[in-house]
Structures are given as C-alpha cells and as structure tokens.
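Undergrad: Show me the folded form of this:
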Amino acid sequence: MGSFIILKGVEMNILIKLVLAALFLYIGYCCFIFLVQRQIMFPRYQLPEFSDAEDKICGLEKIWLNTSYGKVESWFLPPASVYDKGGCPAVIFAHGNSELIDFWPEEFKNFAALGIGIMLVEYPGYGRSEGTPSQKSITEAMISAYDLLVARNDVDPEKIIIFGRSIGGGAACALAAKRSSATLILKSTFTSIRSMASKFFVPGFLVRDPFDNLSVVKSYSKPVLVIHGKYDETIPYTHGVTLYKAAKNGKMITYDCGHNDCPPNWKIFWREIELFLRNVELL
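TA: Have a look, this model is predicted:
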C-alpha cells in the first residue's frame with residue numbers, strides 16, 4: 001500500500017512539472033507573439049521592389065504628408081478630364097498589409113472614369129515612407145491625407161468615400177471614427193484584430209493595435225458596403241457578415257472566392273461599385 005501511495009505521488013509530481021513546463025512555454029510563446037505581432041501584421045520587409053506606376057498615370061500627384069513619425073507618401077489621381085467641373089467625389093483608400101500604393105493606380109483608374117478622385121495613402125514605414133506602422137501612426141497618416149483631400153478645390157468635402165481592404169479596413173474605420181464621410185467601403189476585412197488573436201492561440205488583451213472595426217461600424221450613420229469572399233482563408237467570411245449586420249445602413253456583396261483573389265471578376269466588381277455609389281447618390 002505504501003509503495004502504491006509513493007508511486008502515485010511521483011506520478012502527480014511529474015504531472016505538475018509537465019503542466020508547469022507547458023504553462024511556461026505558453027507564456028514564453030505569448031511574450032514572443034507580443035513582441036513580433038507588428039512584424040506579422042505589417043510584413044513590409046517582404047514586399048517587392050517599387051514599381052514605376054507613378055510615371056504611367058496621367059495627372060498623378062505625389063503628395064508628402066508631414067506626420068510626427070516623418071514624411072509619408074500619398075498619391076492623388078484626378079477624375080477623368082471629362083468630369084473637370086469643380087468639386088468631385090473622392091475616395092481615400094487604405095491597402096492590404098502586403099501591398100504598396102504602387103499596386104493600385106492602374107485598377108483604380110475605374111474610379112477616375114466614374115468622375116471620382118482617388119487618394120492612395122501609404123503606411124508609415126512602407127515603401128518610401130518614414131516611420132513604423134502601427135494603429136496610431138497609420139491613423140495619423142490617414143487623417144493628414146484626409147485633411148489635405150477635403151481642402152482641395154477640385155474635391156467635394158461632402159462626398160468623401162473611405163475605402164479599406166484587409167488590414168486597410170482597420171485604417172479606414174479608424175479614419176471614419178475621426179472624420180466625416182459620405183460612405184464606408186470595407187473589403188475582405190475583420191471585426192477587430194483582437195477577434196483574430198485566437199488564430200495565434202493568444203488572448204486578445206495582448207494585441208497592441210486592436211483596430212476595432214465593429215465598434216466603428218455600429219456607430220457609423222452613413223451607408224456601409226461590406227465586400228467579402230465566402231471562402232476567405234485569412235479573414236473568415238463571418239467577420240464580413242457580422243460587420244454588415246452591425247451597420248445601421250448596410251449592404252453586403254459576397255463573392256465565391258478567398259482573400260487574395262477577391263473579387264474573382266473585376267468587371268463585375270466595378271459595375272457593383274458604380275451601382276452602389278449611384279444608389280447612395282454619390283454619382
């Protein structure tokens with residue numbers, strides 16, 4: 001009997017040691033994720049070489065934003081010349097985390113063709129921009145770009161469209177919480193970064209840049225367009241549905257696609273964007 005008790009005690013000690021070891025390993029893992037989370041969220045060093053997109057777009061203006069983190073690049077693409085009749089609607093766009101503003105002028109000429117100006121805002125630390133990316137620095141850059149945009153004589157400040165893709169949805173919502181706009185477009189984005197933390201098996205309170213999109217959408221009174229791929233492997237489709245249901249005046253477009261192939265057909269996408277903007281009387 002005594003030997004049995006001793007054996008049980010040894011087994012319990014081993015179990016306790018294993019549990020403590022696992023706990024310490026988990027704490028170490030959480031500390032590691034806390035330290036490298038911005039490298040995961042903003043993988044700017046993995047981006048390809050800069051393009052020559054700025055040299056190919058007629059009328060493109062390069063604008064350097066002065067922020068507390070240094071100079072941040074932005075580009076303004078004017079609407080097609082046929083619409084040169086005073087203040088026009090304008091979209092301010094925040095791109096995905098593995099992109100640069102260089103990637104978007106060619107595709108966004110479709111906005112210009114609709115008579116809409118486009119402001120592409122780079123993230124601090126991306127491309128040629130100074131600083132480092134975070135919710136605070138990105139929000140400051142977006143606000144700086146917005147303030148310059150609405151001050152332009154060729155832009156109607158009552159017709160500002162805020163548009164964000166993927167991580168850019170966080171930047172778009174952060175701006176929408178600080179400045180007025182006519183509509184908000186969120187493509188392949190999340191309810192919040194904290195809600196994504198479980199993907200890495202860490203508690204949400206460790207997230208340094210929460211980007212709480214859901215709270216912003218809930219309080220946003222203007223039309224919200226949510227676009228999401230049903231098979232999104234990066235940001236689950238349920239995030240898009242939750243954002244749509246939370247909006248006071250929401251519309252959702254669902255595509256049969258994943259994250260990086262959304263939309264699967266750009267011609268259809270641009271027709272639906274035009275229809276939405278006409279329905280909310282921005283065209």
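
Undergrad: Number of residues surrounding residue 204?
TA: When neighbours are defined as other C-beta atoms under 10 Å, residue 204 has 13 of them. No exception for glycine: its C-beta is placed from N, CA and C like everyone else's.

Undergrad: How much space separates it from residue 241?
TA: Taking C-beta to C-beta, to the nearest Å as the measure, residue 204 falls 20 Å from residue 241.

Undergrad: Helix, strand, or coil at residue 65?
TA: Put simply, residue 65 is strand when judged by DSSP: H, G, I helix; E, B strand; the rest coil.

Undergrad: Report pLDDT for it.
TA: Looking at residue 65, its pLDDT reads 97.

Undergrad: list the contacts for it?
TA: The neighbours of residue 65, taking C-beta atoms under 8 Å, 6 or more residues apart in numbering as the test, are 71-74, 121, 141, 144-145, 148.

Undergrad: Please, a PyMOL command that selects the buried ones among those?
TA: Under the burial definition 16 or more other C-beta atoms under 10 Å, those of these that qualify are selected in PyMOL by:
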select buried, resi 72+73+74+121+141+144+145+148
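
Undergrad: so can I have JSON lines of the contacts of residue 65 showing distance to residue 233, secondary structure and pLDDT?
TA: Putting the contacts of residue 65 into JSON lines (distance: C-beta to C-beta, whole Å; DSSP: H, G, I helix; E, B strand; the rest coil; pLDDT from 0 to 100) gives the following:
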{"residue": "71", "distance to residue 233": "36", "secondary structure": "strand", "pLDDT": "97"}
{"residue": "72", "distance to residue 233": "31", "secondary structure": "strand", "pLDDT": "97"}
{"residue": "73", "distance to residue 233": "31", "secondary structure": "strand", "pLDDT": "96"}
{"residue": "74", "distance to residue 233": "31", "secondary structure": "strand", "pLDDT": "97"}
{"residue": "121", "distance to residue 233": "27", "secondary structure": "strand", "pLDDT": "98"}
{"residue": "141", "distance to residue 233": "29", "secondary structure": "helix", "pLDDT": "98"}
{"residue": "144", "distance to residue 233": "34", "secondary structure": "helix", "pLDDT": "98"}
{"residue": "145", "distance to residue 233": "31", "secondary structure": "helix", "pLDDT": "98"}
{"residue": "148", "distance to residue 233": "36", "secondary structure": "helix", "pLDDT": "97"}
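
Undergrad: In CSV: the contacts of residue 65, plus distance to residue 158.
TA: Converted to CSV, these look like this (distance: C-beta to C-beta, whole Å):
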residue, distance to residue 158
71, 29
72, 26
73, 27
74, 21
121, 20
141, 23
144, 20
145, 18
148, 17
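
Undergrad: Number of residues surrounding residue 201?
TA: The number of residues packed near residue 201 is 10, by other C-beta under 10 Å.

Undergrad: In three-state terms, label the nearest residue to it once chain neighbours are set aside for me.
TA: Here the nearest residue to residue 201 in space, its sequence neighbours aside, is residue 29; by C-beta to C-beta, 6 or more residues apart in numbering that works out to 7.7 Å. For residue 29, the secondary-structure state derived from three-state DSSP is helix.

Undergrad: burial of residue 29, as a residue count?
TA: For residue 29, using other C-beta under 10 Å, the count is 13.

Undergrad: Check the gap between it and residue 234 for me.
TA: 21 Å.

Undergrad: same check, this time on residue 90
TA: 29 Å.

Undergrad: quick one, what contacts residue 48?
TA: Contact partners of residue 48, counting by C-beta under 8 Å, 6+ apart, are absent.

Undergrad: Would you mind measuring from it to residue 153?
TA: According to C-beta to C-beta, residue 48 and residue 153 sit 36 Å apart.

Undergrad: now residue 89
TA: Distance from residue 89 to residue 153, counting by C-beta to C-beta: 14 Å.

Undergrad: More neighbours: which of the two?
TA: When residue 89 is set against residue 153 and neighbours are counted by other C-beta under 10 Å, the residue ahead is residue 89, at 22 against 6.

Undergrad: Hmm, residue 117 and that one touching each other?
TA: Yes - the pair formed by residue 89 and residue 117 meets the contact definition of C-beta atoms under 8 Å, at 7.2 Å.
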